[in-house]
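**Q** fold the following and give me the result.
(one chain, ligands or ions: 1)
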Amino acid sequence: MNKENDKIINRIANLSKQIRYHDRKYYLNNNPEITDYEYDQLVNELKQLEKENPQLILPDSPTQRVGGEPIKAFDTVPHKIPMLSIDNTYSEEELREFDKRIHRFIGDSTIKVEYVVELKIDGIAISLWYENGSFIRGVTRGDGHRGDDVTTNLKTIKALPLRICDLDPVTGKTSKGKNDGKSGQLSPKSLEIRGEVYLPIKDFQELNRMREQEEEPIFANPRNAAGGSLKLLDPRETAKRSLHLFAYEIGHSDNLEILTHMDTLNYIKNWGFSVNSNYCICKDIEEVIDNCNKWETLRNDLPYHIDGMVVKVNEIRLRERLGSTNKAPRWMISYKFHPEQAETQLTGISVQVGRSGTLTPVADLKPVNLAGSTISRATLHNFDEIKRKDIRIGDYVIIQKAGDIIPQVVSVIKEKREESSIPVKEPTTCPVCNGNVGNPDTRVYIRCLNPLCSAQTKRRITFFISRNAMNIEGFGPAVVEQLVDKGFLQDYGDIYYLKLEDLVSLDRMAEKSSKNLLENIEKSKDRDMQYFLHALGINHIGINAANLLAKHFNSIDILAKTSKEEIEKIPEIGPKIAASVEDFFKNSRTEVILNKFRHANVNMKKAEDEGLPISQKISRKSFLVTGTLERYTRDEIKDLIKTHGGKAMSSISKNTDYLIAGKEPGSKLKKAEELGVEVITEDDFLEMINTT
Ligand code: IVH
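**A** Just a heads-up that it's a prediction; the model follows:
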């Protein structure tokens, strides 16, 4: 019995070790060695063993990243070591001043002081505590003395080691504990690592795109999005946010003598943290300045947002001599980039009406150049913001781009305000349909309350035909606009009753494009149920929720008859979604529209063989997609791969079986050729799944 138990304990330890190793390969080195399928097998075996032996689950097991239920609030806890801030500089001169101060402190202006210059990642600073190698607590900076305990959310970040690496990252073997900072080493008993949690720009944009679709307030910049994601009360939601981490300092370590910051970075890296590789060691302040200038021009090429550089004395002994003021260390300074801002005049406010009636103000601007592009509009989010910033029509305003995103109005130049400036009034009626407006829920948004408002109808139809919904091509915004204005479409159900003569009667719609559009509309009738459900545009139902619901219900009709209490029983479906689904299907107008779909034979059911057609050719094979495909969106082709038993990967390695290359394939194609991965077309892939 004991022997058997030992065997299980050993297997669990071995599996955990392998999974940690492959996590590092995947998330830190960007160089996976096994397929997703093989990886999933390891994880599934571990999960199974832990399920059968719950007493053997360790808190730092790789299965424990997303655990637990939502919490009510975060505990505020004191920092053992205060998290100071950094003094800022904004010019080369101030950097030279910093260097002179250090030399004055040493009392010798001829000594060369070496600096390490790092990117200043624009994210959320955190302190991570490890005891005996295991991650035990992570706290936000807060006010520097006390921060929020966000441990459960931090655990969901795959680049954060739950256990300090006890494998040599090069050989994958257990290290013998050489504490030289160059190879894998056993970790100190108690260790504090400091770093930055951030959201890559791509993920930030995707998150905002989804939020816009769901009519949730968008985040102004990646930093706010990272902060918001870390402060979600449900760790399962945080896990969906693709947060990343760069570690840059050791806050505390038992019995470890480190001589330079370069050694610090090596230690951190070998313990399994991701260290940003764009640091540079500089022999004097002039080299530091060159490096800062270099990154100021290159910053827009990075996949994450940086707002400056951090300059640190390399030698730890010298750091100790320099010490800190009560605010900030004397051995470190930040060089802040010039914000990408511009001044222009606000010529008016337009109001956009969203899919569910939300009125969003947009600033119309005198065109101005900002970071290389001409800007004539900027978001204002909501009318509260206009009040808060006291923005008037005719004002001169400062606009800026935060990260790689839509510009925003930062502030008003009050000194330049002219008497003729006009205060902005909150709309009392809808600017499009003149219907009543109000604020039915507690949110800051004002909504048009007229469900028949043509602006809302247009937005709902545009959403219905979009790629992740019914994917009907040939339906440009001008076509939707005219079809609604001419009364051919009163809701998206009417799409399936459009006639050739309706379409050719529109401006710039020739017979050929009209016929194509009708064909595309016809094809969309067979769209899988999850896309149809998404297309309905039910509040809070993004593509993820639509997928989950489609998995649990065989048809829209069954879902429509299910109570919110039943819907809520589905894991990951919360009360907000469940209530929204119930509301939608209870609405009498919904029934009228659903009837239009029924009579037009639009598929509202799950395909009978869905989930079953395991194709022999692609089963267990791993696929990566690059470039633009003709028939499918990324999400769709990935679904198709998975439905047929294959694995959809997100990066390429020698173990990738096939690369599906579309138009403008990019660097993955070159890499595939180098690695000898077979490259196929979209058609080849379709043939593979059809001919088995
Ligand atoms: S060192 C005493 N290194 O910038 C603070 N900070 O504006 C030790 N930051 O609070 C921090 N990148 O959140 C350091 N490479 C880097 C950094 C970095 C970003 C953040 C950090 C800090 C803030 C100060």
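**Q** show me which helix or strand of the chain is least confident by mean pLDDT.
**A** The weakest-scoring helix or strand in the chain, judged by mean pLDDT, DSSP states H and E, is helix 634-643 (a mean of 78).
**Q** just the buried residues of that helix, please?
**A** 636-641, 643 (16 or more other C-beta atoms under 10 Å). Yep, even glycine has a C-beta here, placed from its N, CA and C like the rest.
**Q** average pLDDT across the following helix or strand past that helix?
**A** As assigned by DSSP states H and E, the chain's next helix or strand after helix 634-643 is strand 647-648. For strand 647-648, mean pLDDT rounds to 82.
**Q** strand 647-648: partners in the sheet, and parallel or antiparallel?
**A** Strand 647-648 has these partner strands in its sheet, going by DSSP bridges: strand 622-626 (parallel).
**Q** past the lengthiest helix in the chain, which element shows up next along the chain?
**A** Across the chain, the longest stretch assigned as helix under DSSP state H is helix 2-23. Remark: after helix 2-23, the chain's next helix or strand is helix 36-52, criterion DSSP H and E.
**Q** strand 622-626 and that following helix, what's the angle between them?
**A** 130 degrees (axes from the mean of the first three to the mean of the last three C-alpha atoms, to 10 degrees).
**Q** centroid residue for the chain?
**A** The C-alpha lying nearest the average C-alpha coordinate of the chain belongs to Asp203 (C-alpha atoms, centre = their mean; 2.9 Å).
**Q** next one: phi and psi at that one?
**A** As for Asp203, its main-chain torsions (degrees, to the nearest 10) stand at phi -70, psi -40.
**Q** my read is that it contacts Arg241, right?
**A** Yes. Asp203 is within contact range of Arg241, at 7.2 Å (criterion: C-beta atoms under 8 Å).
**Q** where does the stretch 101-250 of the chain have low pLDDT?
**A** Along the stretch 101-250 of the chain, segments meeting pLDDT under 70 span 166-186.
**Q** just the helices in it please.
**A** For the stretch 101-250 of the chain, the helices defined by DSSP state H, counting those that start in this stretch occupy 151-154, 201-213, 222-230, 235-238.
**Q** that older thread, centre of the chain to the longest helix of the chain, how far?
**A** 33 Å (C-alpha atoms, centre = their mean, to the nearest Å).
**Q** what is the mean pLDDT for that helix?
**A** 90.
**Q** give the other helices and strands that that helix contacts.
**A** If you count contacts as 3 or more C-beta pairs under 8 Å, 6 or more residues apart in numbering; DSSP states H and E, helix 2-23 packs onto helix 36-52.
**Q** the helix it packs on - contacts with which helices or strands?
**A** Under the contact definition 3+ C-beta pairs under 8 Å, 6+ apart, helix 36-52 sits against helix 2-23, strand 647-648.
**Q** most packed of these?
**A** Among the helices and strands packed on helix 36-52, strand 647-648 has the highest mean neighbour count (mean count of other C-beta atoms under 10 Å), at a mean of 20.
**Q** chain center to it: distance?
**A** 20 Å.
**Q** neighbouring contacts of that strand?
**A** Applying C-beta atoms under 8 Å, 6 or more residues apart in numbering, the contact partners of strand 647-648 are 35-37, 620-625, 637-638, 641-642.
**Q** and the residue of the stretch 101-250 of the chain found nearest the ligand, how far is that from Leu230?
**A** Nearest residue of the stretch 101-250 of the chain to the ligand (C-beta to the nearest ligand atom) works out as Ala125 at 3.0 Å. Distance of Ala125 to Leu230, given as C-beta to C-beta, to the nearest Å: 11 Å.
**Q** which of the two has more neighbours?
**A** It is Leu230, of Ala125 and Leu230, that has more neighbours when counted by other C-beta atoms under 10 Å, with 24 against 20.
**Q** give me every residue that touches the more buried one.
**A** 124, 126, 140, 150, 153-154, 197, 238, 243.
**Q** again, but for Lys606
**A** Per C-beta under 8 Å, 6+ apart, neighbours of Lys606: 528-529, 550, 553-555.
**Q** surely the residue of the stretch 101-250 of the chain closest to the ligand is in contact with Ser85?
**A** No. Using C-beta under 8 Å, Ala125 makes no contact with Ser85, being 9.1 Å away.
**Q** which non-adjacent residue is nearest the residue nearest to the centre of the chain?
**A** Computed as C-beta to C-beta, 6 or more residues apart in numbering, the closest residue to Asp203 that is not its neighbour in sequence is Ser242, at 4.1 Å.
**Q** neighbours around the one you found, how many?
**A** 15.
**Q** from Thr63, how far off is it?
**A** Per C-beta to C-beta, Ser242 is found 20 Å from Thr63.
**Q** nearest to Thr347, of the helices of the stretch 101-250 of the chain?
**A** Closest of those to Thr347 is helix 201-213, at 24.3 Å (criterion: C-beta to C-beta).
**Q** got the angle for the closest one vs helix 222-230?
**A** 70 degrees.
**Q** give me the contacts around helix 201-213.
**A** 199, 217-219, 221-222, 225, 241-242, 303-305, 403-405, 463, 542-543.
**Q** 7 Å instead, please
**A** 217-219, 222, 225, 241-242, 303-305, 403-405, 463, 542 (C-beta atoms under 7 Å, 6 or more residues apart in numbering).
**Q** tell me the two of those residues that are most distant?
**A** Greatest spatial distance among the contacts of helix 201-213 (C-beta to C-beta): Tyr304 and Phe463, at 29.6 Å.
**Q** what residues does this protein put near the ligand?
**A** Listed as neighbours of the ligand in the chain under the rule C-beta under 6 Å from any ligand atom: 84-86, 118, 120-121, 125, 141, 194, 196, 248-249, 310, 329, 334.
**Q** 5 Å instead, please
**A** By the rule C-beta under 5 Å from any ligand atom, the part of the chain lying against the ligand is 84, 86, 118, 120-121, 125, 196, 248, 310.
**Q** low-confidence ranges, this protein, go.
**A** 1, 67-69, 166-186, 372, 402-405, 441-443, 608-617, 690-692.
**Q** where do the helices sit along the stretch 451-600 of the chain?
**A** Going by DSSP H, counting those that start in this stretch, the stretch 451-600 of the chain shows helices at 454-465, 477-485, 500-504, 511-524, 529-535, 543-552, 556-560, 564-567, 575-586, 588-599.
**Q** mean neighbour count, these: which tops it?
**A** helix 529-535 (a mean of 24).
**Q** roughly how far apart are the one residue in the stretch 251-400 of the chain that gets nearest to the ligand and Arg65?
**A** Among all residues of the stretch 251-400 of the chain, Val310 sits closest to the ligand, at 4.1 Å; criterion: C-beta to the nearest ligand atom. In this structure, Val310 and Arg65 are 29 Å apart, going by C-beta to C-beta.
**Q** neighbour count winner among the two?
**A** Between Val310 and Arg65, counting by other C-beta under 10 Å, Val310 is the more crowded of the two (21 against 18).
**Q** wasn't the more buried one part of a strand?
**A** Yes. Val310: assigned to a strand according to DSSP: H, G, I helix; E, B strand; the rest coil.
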